[in-house]
Structures are given as structure tokens and as C-alpha cells.
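Student: here is a sequence with its predicted model. Questions after.
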Amino acid sequence: MERTERLLDLVALLLDAKIPVPWSGIHASFPDYGGSSEASERKFERDKAELLELGIPIEFKQANDEHEAGYVIDREQYYLPEPGLTPEELAVLYAAGSASLASGAFPGRQDLAHALRKIGFFADGPLPVPKVRLELGALADAKELPGRLELLWSAINARKSIDIDYFSPHSRELTHRRVDPYGLALRRGLWSLVGYCHLRRSIRTFHVHRVRALTVNSKSPKSADFEPPKGFALQDYVAHWPWQHRFHEPVEVELELTGTLAPLARQLFPDQSEGPTVIIRATDVDGLIKYVMSLGPEARVRGPAEVQAKLQTLARRVLASHAEVTQ
Amino acid sequence: MNPTTEKGRPLVYERLRRLLFLVPFVSRNQGLTVDEVAAAAGLSTSDLLEDLELLTLVGRPPFQPDDFVDIYVDDDRVYVDLDQRLSAPPRLTAAEGVALASAAELLRPAAGDALRSALQKLERVLPEQAVQRYRDMGRQLDVTVEGPTGLATLSQGIVEHREVELDYLTANRATTERRRVQPHELFSFRGQWYLSAQCLSRGDTRLFRFDRLSNATLTDVRFTPSPQVRARLPTTSESEKLVRVRFEAGAAPYIVERFGDEARAVGEGRVEVQVPGESERWVTQWVLSFGGDAVVIEPEWARKAVATAAAAWL
């Protein structure tokens, strides 16, 4: 008998059971559980673990006056109830889920596809056609990305260590590292992995698209290799904005937005009031300067003077390399 | 070791959860065609037929004829007569819940909108024992700041065909304008979000950049979506105003990551790419963002635009 078939038979038996089914009854009904009692019990335990992993609520009930000790599936906890989504709620949830799925590069794609099927189960009529598109992989070569994300996501959830070859565009070298993966974060179309790097002996952030080879520790797949530190939070390690990389002590920089940028302070910088003055605590001043330059000359640095001077040095460099047409 | 999918999950796990969905799905939607059921289950037709064959072997002791799942194809349509209590799919697993919630987070749900309330209802239908795991796993996936504010409002406008009003700043005007639009599609490209919409104030289909848009509000006016021509970003192959940009060795590896083979090596570790020059403002700001590591080679107007912008800081 195929294992899938046996597992489904088990679900059908326990879903239908009005009273707990004792192990002796299961053992007698399934020829697959033949052999020595120890071996067959171990086989049953493995099957049960598989079903629990799938979220199927198998419980062991102690004996009482009405029944022997045995196993049941709690039907109330098994069946997906009607979630009571309005058509609008279903439509937006569907739009978000389908867009992520179609983007190709989203961890947990199979989980997401199943979730969408399940929430669409109670829908009357055709499911909404989503009009939201995500092109997440802002990269030329993103072929490997979906598979890598899926593998990383399963390693993160099972708390299994990984071995990676990581490419640094700065040094242009590959380094081999063992990493305890804690989580994934998406920023500006690029995925980052945060985890404990055994080579550097600290929590590090890696761009997933720079991972060149990836293997998950296959020893003892059911037991965790590590526990993330208490209070670990992804956002402490992944910069949201270019000036938030933790390269130096915070520097308070005052910016001014003029012209067409003046009303956009809140869109262009987080946690700002109306503008036109913007105050930033930067831990990566170089990142901030490049961001300011990307906004064009309507964005200006008002202070401190050394940050102003840095921007002017870069502006002079740009001017020099484009000079011949300005004279 | 068990055979696994390339994604790292055992094959038996994937097949089992598919089959536990398939029986109730067919039971609720009797008489759909084989192709329709295959599409709904995300399977090829031949894989579906294999799954249906396996399901006919599934039953419970004592395995009398009425104890088996009775699922069959008749005249290319799929029916279930006996579902053996597989009348609804199992609840969402913690991992399924997290995947869906994270996808929804990309659209930046806000208090009171349809997406936020959908997520609250979703959490209520997770199995009790999965709720804690769902919350723990949720902390392992962070996409919350990816989408700009306003995405949820606009996606609601799109799915409900409701006109939206928004403030928009055009590149060559110093003030924002209130626009009324019929939203068609949202998309992100290279980390930048865009709305494609029929602009009623201007009378044509336009692309709106999210970082120039604010105060989007839904109106109660419904519209009939047309099989519209989609507003699109100009691509290099379609552009009639190509701009050639050279990158110093320090920036070159990052450019190669983004452009792949389109980045041409030009000696001393430097590379060149061509980008669409339809928007002078975009080209200028993009080149400036490399802080001197990028140089426009041609055409002259683009070199001049970059030089003028840089000079304005001095």
C-alpha cells in the first residue's frame, strides 16, 4: 500500500470514529502496521507525525467509562470553517496572494497556493481576477531565486543550519559559510536572509541573490539545530532605507526639500511631518548622500557642514566627469 | 530518506494536502470538467487523473464497498458520490496562514480596510494549536515596509471597480493636483510601485508613480473596466531615446547583477549599459544616485542635464 493511501485511510477512519480508536483496532485494520509490535508502532508514530505536521488534529484520549484509550480527529478543529469573508475581502486577499505567487520569488509559494485554494473554497461564483503585479526580483538573472527562497523558508521553519557559498560584489570573492537562518526580509525588490554566521561569529545579513550554492543540513530533519536569540527581530538587522545601515554612530542630518519635492517629505522619508525640513538620524551618511542625490538638486543638505561638504565633493566629481558640455 | 520536492518538502506531504483538498472541492463543485478541476488544484490533467485513481483506493476499515471514497470521471466531468466525511478541506496550517498574511502585508493593509479585516478573519480560522506557531513564523518573514501606503486603498478600488481620488505631483509642476482616476492595475518594478489608471482629469491612460502620489481615497462611483490598453514603462528595446552610461569598476559588479548580459565590459573593470531616456528627470537622478561612479557617455543632452543638476549643489 502506498504511504499516501495509508495516511488518507487513517484520516478517513479517525474522522468517522464516534469514540476513540484504540491502537489495537488500528493495528488490526491496517496490514501495513504488521510485523513486530515495536516496529509497527514506530511506523504509526511516523504517520501520525506527518498528519500533525499537515495540521490534522489527531488526539490521544485516555480511557473512561464510555470508551477505551485511543485516537480521534477533533472534527471541529479539522474542518475549515466558513471564514465569513465579504466578496471585497476575498478579492483583495486573493489579489495580494496571487500577485505574490505570480511574482515567482516569494518564500512559501506552495503554502501560499494552498492557502489561496482554501480561502476560495467557500466562494460562490468565479474567483476574482487579480490586478496587482509584483516584479520582485529586480535582477537580471533570477532563475535560481524561487527555489532558493523555498529552501531557505523550509530551513528557517525547521530551524536547520545551512551551508552557503556567498558572493561579495565588493571583494568579488566567494566565501563558504555555515549559517543558522533566522528569517527573510524583502526590501526594494530584493530578498535578504538574516542569520547567525559561523564564519563571522555574529548575526549577518545576506542578499539571497548572492547565494551561489545552498544546502540544508539533512541530519535529524525533525530536530532543530539552533534557537534564534530571545527578542530577535528581523527589522533590527535589515535596513529599510539607505541611511539605516549600521556603519557608524548616528549623525543627525538636516535636509531641505524645495520646489516639486517640498510637499513629498512624507513619501520620500519615513516618520516625517509635512516638510520642507527633514531631520534624519543616519548611521550610513554615504548612503544618505546618494539617496539625496537621487532626488535631484531640489533636495539639499543644510547641515552638519561635513555632510554638506561630502555631498559637494561628489557633485564636483559628477560635474568634472560631465564637464566638457557645460563650458 | 524520503523523496523530497526540489522545494525541500517531502512529496508525500504535498500530495496528501492536495488530495485532502480535492475530495471536498469536487464534492462542492460536482460536474466540473477534468480541466477545470486540474486548474483549481494547480495540477496537470494527467497528474489529476493519477490522483483520482489513488483516491478510489482510499477508505476506512472494514473496507466494504461503501467504505471507500467514490470519486469518478464521467463524460470528462468529475463527481464524488461518497466523500467519507472529507466534506471540507482541513483548516489552514500555520505555514499557509503566514504565507498568505505576508503576501497581504505587501499591500500595506491599514486599519479599517478590507485587507486588514480579511487578515483578522483569517487568524480566527487557524487551528488553535497553530496560532502560536503562526505568530512565531510571522516574525521570520518581513515584507511590511515594501509597499508604500495607499496600496491597499488602491487595490480595493481595483477589485471593486471604484473610482479613486488622489493628489499627484507631476514632474514639471511645482504643486500637487487632485486627480480622479479609474484604477486598473498596480505593479512594482525594480522596487518602485506604479498605478496604471484611466485619468479622468486628463482623459487618458497614465502611469502614476507611488512616491509622487498621496491622499488616495475611494469614492462610491463605480465604473465598468474596459479591456484597456495598459500603460507601461518604456523598455530599452522600445526606447527611441537611449542613453549610454558608463560605470566605474567599484559600481560595476552591482550593475552586472541588475543588467546581466546587457552590461558590456569596456576595460579596466568598467561596464556600460543603455537605458531609456524618455524621462530626462529619471535618467539624471539615476546617474546622480551613483555619486560620481556613473557617467553619461551620450547623448549630449543627457550629459548636460546631469552636469547642470550637479552644479546646482555647488
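Tutor: That came in fine, so what should we check first?
Student: ok, residue B:158 - how many residues close by?
Tutor: Using other Cβ atoms under 10 Å in any protein chain shown, residue B:158 has 26 other residues around it. All C-beta spots, glycine's among them, are computed from the backbone N, C-alpha and C.
Student: before we move on, which element is it in?
Tutor: helix B:151-160 (DSSP states H and E).
Student: pull that helix out as PDB, backbone CA atoms only.
Tutor: Written as PDB, here are the backbone C-alpha positions of helix B:151-160 (Å, rounded to 0.1, in the frame of the first residue of the first chain):
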ATOM      1  CA  LEU B 151      -1.600  50.400  -1.900                       C
ATOM      2  CA  ALA B 152      -4.400  48.700   0.000                       C
ATOM      3  CA  THR B 153      -6.900  51.500  -0.800                       C
ATOM      4  CA  LEU B 154      -6.000  51.400  -4.500                       C
ATOM      5  CA  SER B 155      -6.100  47.600  -4.700                       C
ATOM      6  CA  GLN B 156      -9.600  47.800  -3.100                       C
ATOM      7  CA  GLY B 157     -10.500  50.400  -5.800                       C
ATOM      8  CA  ILE B 158      -9.300  48.000  -8.500                       C
ATOM      9  CA  VAL B 159     -11.200  44.900  -7.300                       C
ATOM     10  CA  GLU B 160     -14.400  46.800  -6.500                       C
END
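Student: tell me the bridge partners for the residue nearest to the spatial centre of chain A.
Tutor: For chain A, the residue nearest the mean C-alpha position is residue A:184 (4.2 Å; Cα atoms, centre = their mean). Beta bridges link residue A:184 to residue A:193, residue B:141 when assigned by DSSP bridges.
Student: go on, residue B:32?
Tutor: Residue B:32 has these beta-bridge partners by DSSP bridges: residue B:78.
Student: that one and residue B:39 touch, don't they?
Tutor: No: assessed by Cβ atoms under 8 Å, residue B:32 is found out of contact with residue B:39, at 9.3 Å.
Student: those two - which one has more neighbours?
Tutor: residue B:32 (18 against 14).
Student: quick revisit: by contact count, what packs against the helix holding residue B:158?
Tutor: With contacts taken as 3 or more Cβ pairs under 8 Å, 6 or more residues apart in numbering or on different chains; DSSP states H and E, helix B:151-160 sits against helix A:87-103, helix B:114-124, strand B:162-169, strand B:176-189, strand B:213-222.
Student: between strand B:213-222 and the fourth one, find me the angle.
Tutor: Calculated by axes from the mean of the first three to the mean of the last three Cα atoms, to 10 degrees, strand B:176-189 forms an angle of 90 degrees with strand B:213-222.
Student: and the gap between the residue nearest in space to the middle of chain B and chain A?
Tutor: The geometric centre of chain B, computed from its C-alpha atoms, lies nearest to residue B:187 (Cα atoms, centre = their mean), at 7.3 Å. With distances taken as Cβ to the nearest Cβ, to the nearest Å, residue B:187 is found 4 Å from chain A.
Student: check that residue and give its pLDDT.
Tutor: pLDDT, residue B:187: 77.
Student: do the same with residue B:210
Tutor: 80.
Student: check which helix or strand covers the closest residue to it other than its chain neighbours.
Tutor: Nearest residue to residue B:210, sequence neighbours excluded (Cβ to Cβ, 6 or more residues apart in numbering or on different chains): residue B:193, at 3.9 Å. Using DSSP H and E, residue B:193 maps to strand B:192-199.
Student: and the helix or strand just after that strand, what does it pack against?
Tutor: With elements assigned by DSSP H and E, the helix or strand that comes after strand B:192-199 is strand B:204-209. Applying 3+ Cβ pairs under 8 Å, 6+ apart, one finds that strand B:204-209 makes contact with strand B:176-189, strand B:192-199.
Student: run the last query once more with 10 Å
Tutor: strand B:162-169, strand B:176-189, strand B:192-199 (3 or more Cβ pairs under 10 Å, 6 or more residues apart in numbering or on different chains; DSSP states H and E).
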